[in-house]
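# sequence below, structure please.
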Amino acid sequence: MKTPLKATTTVLAAVLLLVLTTAAPAQAATPSTKAPISGSLRAYNVSGVYVAGVSSGGYMATQLHVAYSSRIRGAAIFAAGPYYCAQNNVSQAIYGCGDNQYPTNLSALQTYTRTWASYGWVDPVGNLSGDPVYVFHGNNDNTVKKSVTDDLVRYYQHFGASVQYDSASSAGHAWVSPYGTVGCTATASPFLNNCGTDPQNSLLRKLLGSVSAPNTGPLGGSLIRFSQNTHAVNGWAPGLSMDDNGFAYVPSSCAAGQSCRLLVALHGCLQGYGKIGTAFVDRANLNQYADTNNLIVLYPQASTSSSNPNGCWDWWGYLGATNYPIKGGAQVETIMNMVRRLDG
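Okay, the predicted model is just below:
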C-alpha cells in the first residue's frame, strides 16, 4: 500500500535532515568566481550534450539521460541509484533507494525501461550502448548506501554503457570538489566536500575523452542568470518546485561562436540557489574546466515547495504525476527546453 504523499514527504524531509551531521569547514581553496549577470539563454554552436548530478540531481540526471539518450551522450552521477528506483513511491525512495532496507528489483527497472522505450516514452535503449558514464560513491555516504549505487552501475552496464565507477573515496554524501568547504567524510551543508582530489577531471575525461587543465586564474566567461519561467512547461517554474532563476556559465570562446559542448549540472537536495546561493555553481569545479575546454555549463535550479521541503529534484513523483521520469515529465521537459534553447 502506498503511503499518502503529504505524510510521506514530511517523513522524507525528516529522514534527510536526520542524516545531516555538522562538521568543521575544510581548508578549501577559493575559486575565481563571476558575479551573475541578468540575461537569457540563446543558441550556441553546441556539438554534444552531457549531464551530471549529485543525490536527487544524480537521479534526475539519469532520468534525463534515459529519456533523451538520442540527444544526451553521457552522464556523471554522484551519490545516487538506478533509473526509476523510487517507482513513484516516496516510501520506496526513502527505504529502498536510500538505505536499501527494501532492496531494488533491478530486473524490473530494466524491464520498465525497455517497455517504455517500445512505447516511445523514452528513447531507444540501444542509444545507451557505449555511452560514457561516470559514477561516484563515497565510503562514508550513509544517505545513499553503496549497494544502491552498485545497482546504478549494473543498470547502465545491462544496457551496454561504458561505466567508470569511483568507489574508493572516503567521502560522505556530497559533490566532491577541490573547492569544497566541508571535510571529506562528512555529510553536511553545503554538501561540497574537499577530499584532496579532483573528480571533475575524471568525470570530464570519461565523458569528453580528454580534457585540458582547468583555469585556476580569473574566469574568462560569463555567468548568466536567466528566468526559468521562460522554459517551464507551465510558464511558472515555482509551480514545478523550481526557482525563478537558473544559471549558465558560458566561456568567451563559446560566446564567440566556437564549437562547444554542453554539460547540464544538477545540484542535490538542500543545495539549490534558495538554500546556499551560488555555492554549487561557484564551487563545483566545473566553470574552471569549462573555460579551457569549450564547455558551457547549465545549472538548473530546484526549489522548495509544500511537497518538497528540501528543494530536491523530482525523482519519486512529488509533483503528483506518474510521468516524472519520462518524456513529458514536468521537470524533465523544462530542463530539456533549456537544453534545446542552448543547442539551437
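# and the most centrally placed residue in the chain, what are its bridge partners?
In the chain, the centroid-proximal residue (C-alpha atoms, centre = their mean) is residue 53; its distance is 2.0 Å. Beta-bridge pairing for residue 53 (DSSP bridges): residue 77, residue 266.
# ok, now which ones touch it?
Contacts for residue 53 (C-beta atoms under 8 Å, 6 or more residues apart in numbering) come out as 59-61, 76-78, 80, 264-268, 313. No exception for glycine: its C-beta is placed from N, CA and C like everyone else's.
# let's go with 10 Å and repeat that
For residue 53, the contact set (C-beta atoms under 10 Å, 6 or more residues apart in numbering) comprises 59-65, 75-80, 175, 264-268, 300, 313, 315.
# what of residue 126?
Going by C-beta under 10 Å, 6+ apart, residue 126 touches 69, 70, 117, 159, 160.
# just the endpoints, please. Distance across stretch 284-297?
By C-alpha to C-alpha, to the nearest Å, the extent of stretch 284-297 from end to end equals 11 Å.
# hang on, I meant stretch 203-221
For stretch 203-221, the first-to-last residue distance is 21 Å (C-alpha to C-alpha).
# same question for stretch 44-59.
End-to-end span of stretch 44-59 (C-alpha to C-alpha): 27 Å.
# can you pull the buried residues of that stretch?
Neighbour counts over stretch 44-59 (16 or more other C-beta atoms under 10 Å) mark 44, 46, 48-59 as buried.
# and if you look at stretch 144-164?
Judged by neighbour count (16+ other C-beta under 10 Å), stretch 144-164 contains these buried residues: 144-145, 148-153, 155-156, 158-159, 161, 163-164.
# please state the offset of the helix or strand harbouring residue 288 from the chain centre?
Element membership for residue 288 (DSSP states H and E) is helix 287-292. In terms of C-alpha atoms, centre = their mean, to the nearest Å, the gap separating the centre of helix 287-292 from the centre of its chain is 18 Å.
# would you map the strands across the stretch 1-150 of the chain?
For the stretch 1-150 of the chain, the strands defined by DSSP state E, counting those that start in this stretch cover 37-38, 46-54, 72-78, 132-136.
# so for the helix holding residue 288, what's the average pLDDT?
For helix 287-292, the mean pLDDT works out to 98.
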